[in-house]
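S.K.: What shape does this take:
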Amino acid sequence: MSRAAGSPPTMLAIASALTVCAASCTPAPPDPLPPGTFAFGVYGDGPYYFWEDGRHRRLLADAESAGLDWLVHVGDLLWKPCSDEAFLERRALLDALELPVIYTPGDNEWTDCHQEAPGGHDPLERLGSLRRIFFSDPETSLGGRPIPLVSQAASAEYTEFAENARWSRGGFVFATLHVVGSGNGSTPFPGRTASHDDEVHRRTEAAVAWLDETFADAEGNAAAGVVLIAHANVSLETGGLWDATSGSGGDPYEPFVTALEGHVSRFAGPILFIHGDSHEQRVDQPLRDGNGDVHDNFTRLETFGSPDIGWVRVVVDTVAARFADFELRLMRGVF
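M.R.: Residues are numbered from 1 along each chain as shown. All right, here's what the predicted structure looks like:
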């Protein structure tokens, strides 16, 4: 059906486009899993805009039918508004999936909510609401088939960090760490106080402690590998190279990257670090030691981000103790 140049699309035209896209804009079904493997899904940094909602729904349906053990969201569930109503809507969408869903917060959900467009909120108030809505039961994942989790909230020293979770599967230990973009929540804004700075220090301290505990658990149980999940691209402050020695004293990610590099250098098995934040899908090996040499047991996976709405299917080989495949599942089309 044609329309006059410059006129808005009719509802019929939009419905027709969505019908065509539903058949042609979703990737072909993934290959069956080989024996001795399992798969999980990763996505994040979206949807941000209403026109991404259709692709987001197709993403969720695609993930639901892909033979996954669980689906991870690495943060930035939305852009605006930063309201309880928006949080509840997103949680309901994830809980409707016939999958376990593990979520770690991004900066859009709370640290950036001081901006006018998301509502001009106090980030600390939004963090409290986020924890109440998404992490009311820290020992259980989200999703329609939740799985049990170990939470840092069980520690007497870090009871507020319900969002930092750990679980295991097939000889691999998985952990979420609340490390976000926007300089790990350190970006200046009108009305910022010492309480906001104290939160950054406290949360970074907790993330490092959870990282230490995760590797202690992996080593104590002779785990084959470790998978770490956070929102932030923690290399942004160091020019894109994860060399812990190159960070300045003011680098908000330096304590975390230094601790990470130490654990990677000591752990013999493969380590996968999953994140979002910079909206550039990639799989590489960016972490370097003090001599500038690449840690070849460390792999970074960054998932898609708005305006690209897609996810990554990660296949884990439990026999060979390796990450066997990273399958990119990009939802194409305008809607």
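
S.K.: Checking my notes, V316 in a strand, right?
M.R.: Yes - judged by DSSP: H, G, I helix; E, B strand; the rest coil, V316 forms part of a strand.

S.K.: low pLDDT regions in the stretch 201-335 of the chain?
M.R.: Flagging of the stretch 201-335 of the chain using pLDDT under 70 yields the residue ranges 236-250.

S.K.: Report the distance from stretch 322-335 to the chain centre.
M.R.: Mean-position distance between stretch 322-335 and its chain equals 15 Å (CA atoms, centre = their mean, to the nearest Å).

S.K.: Next, the buried residues of it.
M.R.: 322-326, 329-331, 333, 335 (16 or more other CB atoms under 10 Å). From N, CA and C alone the C-beta is placed, and that goes for glycine too.

S.K.: Also stretch 109-124?
M.R.: 109-115, 118, 121-124.

S.K.: so of those, which ones are in helices?
M.R.: Under the assignment DSSP state H, the buried residues of stretch 109-124 contribute 123-124 to helices.

S.K.: May I ask which of the buried residues of stretch 109-124 comes out lowest in pLDDT?
M.R.: Lowest in pLDDT among those is P118, which has 90.

S.K.: so that residue sits right up against P81, yeah?
M.R.: Yes - with contact defined as CB atoms under 8 Å, P118 reaches P81; the gap is 5.6 Å.

S.K.: What segments of the stretch 101-250 of the chain are helices?
M.R.: Secondary structure of the stretch 101-250 of the chain (DSSP state H, counting those that start in this stretch): helices located at 123-134, 181-185, 194-220.

S.K.: about what we covered before: could I get the buried residues of stretch 109-124 as JSON lines with distance to P47?
M.R.: Below are the buried residues of stretch 109-124 laid out as JSON lines (distance: CB to CB, whole Å):
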{"residue": "E109", "distance to P47": "13"}
{"residue": "W110", "distance to P47": "18"}
{"residue": "T111", "distance to P47": "19"}
{"residue": "D112", "distance to P47": "16"}
{"residue": "C113", "distance to P47": "17"}
{"residue": "H114", "distance to P47": "22"}
{"residue": "Q115", "distance to P47": "18"}
{"residue": "P118", "distance to P47": "15"}
{"residue": "H121", "distance to P47": "20"}
{"residue": "D122", "distance to P47": "25"}
{"residue": "P123", "distance to P47": "22"}
{"residue": "L124", "distance to P47": "26"}
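
S.K.: Out of the buried residues of stretch 109-124, name the ones that lie in strands.
M.R.: Per DSSP state E, strands hold no members of the buried residues of stretch 109-124.

S.K.: Out of the buried residues of stretch 109-124, which comes closest to D289?
M.R.: Closest approach between the buried residues of stretch 109-124 and D289, by CB to CB: T111, at 30.5 Å.

S.K.: Now do the contacts for that closest one.
M.R.: By CB atoms under 8 Å, 6 or more residues apart in numbering, the contact list for T111 reads 123, 127, 180-182, 185, 187.

S.K.: Among the residues you listed, find me the one that's closest to D76.
M.R.: Nearest to D76 among these, with distances taken as CB to CB, is G181, at 7.9 Å.

S.K.: And for that closest one, the neighbour number?
M.R.: Other residues near G181 come to 25 when the count uses other CB atoms under 10 Å.

S.K.: From E163, how far off is the nearest residue to N164 once chain neighbours are set aside?
M.R.: Nearest-residue entry for N164: Q152, 3.9 Å, with adjacent residues in sequence omitted and distances by CB to CB, 6 or more residues apart in numbering. Distance, Q152 to E163, using CB to CB, to the nearest Å: 8 Å.

S.K.: Between those two, which is the more surrounded one?
M.R.: Q152 (26 against 23).

S.K.: So what pairs up with the nearest residue to Y43 once chain neighbours are set aside in the strands?
M.R.: In this structure, Y43 finds its nearest non-sequential neighbour in W311, 3.8 Å apart by CB to CB, 6+ apart. Taking DSSP bridges, one finds R329 as the beta-bridge partners of W311.
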